[in-house]
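1. Predicted structure and sequence below. I'll ask about it afterward.
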Protein chains: 2
Amino acid sequence: MKRGEATRRTAESIRNMIVEGRFADGTPLRQSKLAEELGVSRVPLREAFQLLEAEGLVELRSNRGAVVQLPSPDEISQLAEVRVKIECWLLQLAIPYANESDFEALEGFQKQMEVCTDEDWSEHNIAFHDALLAPAGRPYVIDHLHSLHQRIFKRFHLPIISVRDREKMTREHWEILDLYRNRELDAAASRLESHILISAQPAIDRVRAVYGRRPV
Amino acid sequence: MKRGEATRRTAESIRNMIVEGRFADGTPLRQSKLAEELGVSRVPLREAFQLLEAEGLVELRSNRGAVVQLPSPDEISQLAEVRVKIECWLLQLAIPYANESDFEALEGFQKQMEVCTDEDWSEHNIAFHDALLAPAGRPYVIDHLHSLHQRIFKRFHLPIISVRDREKMTREHWEILDLYRNRELDAAASRLESHILISAQPAIDRVRAVYGRRPV
DNA sequence: AGATTCAATTTTGCATTCAATTTTGCAGTT
DNA sequence: AACTGCAAAATTGAATGCAAAATTGAATCT
């Protein structure tokens, strides 16, 4: 799971630089210069490039190094649509199989989420969504959703989610859970759809803010 | 797009070893040994590991190297289901926007596919599917489908697709194209669904053949 | 002036070397 | 015999060096 320490730190630094809009789209990232600037050698730097490529933040070309690939607002919103389609499908599959202990587990996640720190909020949120979909019996689809979620959110560590937004999300979770308990397939799916689209909006706004802007 | 030559070759070699069932699930891949065996140094080997990790064939752990992670039949079939959901959704979005020139382009791809070599068949196949979905105006969703397709198929380079299968696929494409032209949304989607599920079957069979088998 | 060729410079990719971390094997003890 | 502690071996992670490829720029030609 964990990576080489230098590689990890380096990837994070470059990720931050990119999502802060420090580079224009297509800027080549020179190895020696960046390595010196970040105080590491070129080997972990190149490995960091590969991580960032998997995240879609840079593109690697043979003998030509890494160039910045800024995410676009359209990309984020289209991926959010994909997430909607998959999660709503799984939700409708899951509801008929959900039993009382599933409901209790979901309530437990909700209560934890209401008292956790901002740091942990995101992963508790994911745990709730996972638990909603788990009865569908499609663990690999849930794994796939995780990678989709990362692609939507993790590229720009959204600063700190506002208390207002947290409360709103939590309220929506409770609403979805109610419909889920009553096995109202369509209503639950529809509620989940708008929940996902709304939650993606901050990421879209953030990308729009840096996309196409001149680098500092 | 392209990678360092040694890195690329090394990744391909290891990928082949894994998909041929040479290692049991969880086998650690030792750097020095493999590097010597493949005639490269450890730097491109480690970079190859990262590529394979992105493909889901190995898992990397800090200071503990790479361990083999065999795909399971369930994973392949569940990812194929995801592909069905996304493609059918896009298809229904696309049909209302498709025009005469889209139809002609699709016919062109079909005719090319009937005469191309086995080597090129897969990418022509992808081009046809892309063209079906393109009018939906969701390029990033199509990109996402590409990565899904790779995860389903590219991990085991299926040896050579049989002439029988090729003909079957081509026939199904023509059928889908007919319904597409007549703008029969549900029928086209339903035909596409079974087409995708059927086409994933060889990959599933292949994985089932090596999964859980003792390494040679 | 604009395009083209070719050498100088820059930059990447890989091998080698060095350092840090983990695992292994063996005493010694209970 | 099983468990703990510690040192040696094995293994990974990172830095440096060097050859190959690409980029740059100046000189030449049209």
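-> Received, thanks. All values reported here derive from a predicted model rather than from experimental measurement.
2. Which other helices and strands does the longest helix along chain A contact?
-> As assigned by DSSP state H, the longest helix anywhere in chain A is helix A:185-210. Using 3 or more C-beta pairs under 8 Å, 6 or more residues apart in numbering or on different chains; DSSP states H and E, the elements in contact with helix A:185-210 are helix A:73-94, helix A:139-153, helix A:163-181. All C-beta spots, glycine's among them, are computed from the backbone N, C-alpha and C.
3. So for that helix, mean pLDDT?
-> Helix A:185-210 comes out with an average pLDDT of 94.
4. go on, stretch A:10-17?
-> According to the model, stretch A:10-17 has a mean pLDDT of 95.
5. in that stretch, what counts as buried?
-> Buried residues in stretch A:10-17, counted by 16 or more other C-beta atoms under 10 Å in any protein chain shown: A:10-11, A:13-15, A:17.
6. and it, does that touch chain B?
-> No - shown here: stretch A:10-17 not in contact with chain B (C-beta under 8 Å from any C-beta of the partner chain), separated by at least 11.2 Å.
7. how about that stretch, does it reach DNA strand C?
-> No - Stretch A:10-17 is not in contact with DNA strand C by C-beta under 7 Å from any atom of the strand; minimum separation 12.9 Å.
8. Show me which residues of the longest helix of chain A are buried.
-> Neighbour counts over helix A:185-210 (16+ other C-beta under 10 Å) mark A:185, A:188-189, A:191-193, A:195-196, A:199-200, A:202-204, A:206-207, A:210 as buried.
9. which among those residues gets closest to DNA strand C?
-> Closest approach to DNA strand C among the buried residues of helix A:185-210 (C-beta to the nearest atom of the strand): A:V210, at 22.9 Å.
10. Helix, strand or coil: sort out the nearest residue to the closest one once chain neighbours are set aside for me.
-> Excluding the flanking residues, the one nearest A:V210 by C-beta to C-beta, 6 or more residues apart in numbering or on different chains is A:G21, at 3.5 Å. Secondary structure assignment for A:G21 (DSSP: H, G, I helix; E, B strand; the rest coil): coil.
11. Could I get the phi/psi values of A:G21?
-> Taking degrees, to the nearest 10, you get phi 80, psi 20 for the backbone angles of A:G21.
12. What score does it have for pLDDT?
-> So A:G21 comes in at 89 (pLDDT).
13. hey, which of the helices and strands packed on helix A:185-210 is tucked in deepest?
-> Neighbour counts (mean count of other C-beta atoms under 10 Å in any protein chain shown) averaged over each of the helices and strands packed on helix A:185-210 peak at helix A:73-94, with a mean of 21.
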